[in-house]
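Student: Following is a predicted model, sequence given first.
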Amino acid sequence: MFQMIEVIGISPVSLSEAVKNAVSDVAKTKKDIHFFEVTEQRGCVREGKIKEFQVKVKVAFVE
């Protein structure tokens, strides 16, 4: 049976890098990850420039 957790990933580079960071963080404690789902995408703008990409990700794993 799968369990899911929801995490936030961030990156100064891109949305896809933010997803990779989120899944990598989960993989540090959950070894049997099967899939992920991006539920939100957003970013942080300062002085007219994109400073950070942010994603909310659901990660599924077997416990």
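Tutor: Okay, I see it.

Student: contacting residues for the residue located most distally from the centre of the chain?
Tutor: Centroid-distance maximum for the chain: E47 at 25.1 Å, with Cα atoms, centre = their mean. E47 sits next to no residue when contact means Cβ atoms under 8 Å, 6 or more residues apart in numbering. For every residue, glycine as well, the C-beta is placed using N, CA and C.

Student: how close does it sit to I10?
Tutor: Remark: distance between E47 and I10 (Cβ to Cβ, to the nearest Å) = 18 Å.

Student: For this structure, just list every one of the helices.
Tutor: Here the chain has its helices, by DSSP state H, at 15-27.

Student: Strands along that one, start to end?
Tutor: 2-11, 33-46, 49-62 (DSSP state E).

Student: Just the buried positions in the last one, please.
Tutor: Spelled out, that is strand 49-62. Of all the residues in strand 49-62, those buried under the rule 16 or more other Cβ atoms under 10 Å are 53-57, 59-61.

Student: Of the strands of the chain, give the one that comes closest to E17.
Tutor: Taking Cβ to Cβ, strand 2-11 is the member of the strands of the chain nearest to E17, at 3.8 Å.

Student: And the residue farthest from the centre of the chain, how close does it get to Q41?
Tutor: Noted for E47: a distance of 21 Å to Q41, by Cβ to Cβ.

Student: Likewise for G48?
Tutor: From G48 across to Q41, the span is 20 Å (Cβ to Cβ).

Student: more neighbours, the two?
Tutor: Neighbours per residue, other Cβ atoms under 10 Å: of G48 and Q41, the larger number sits with Q41, 13 against 5.
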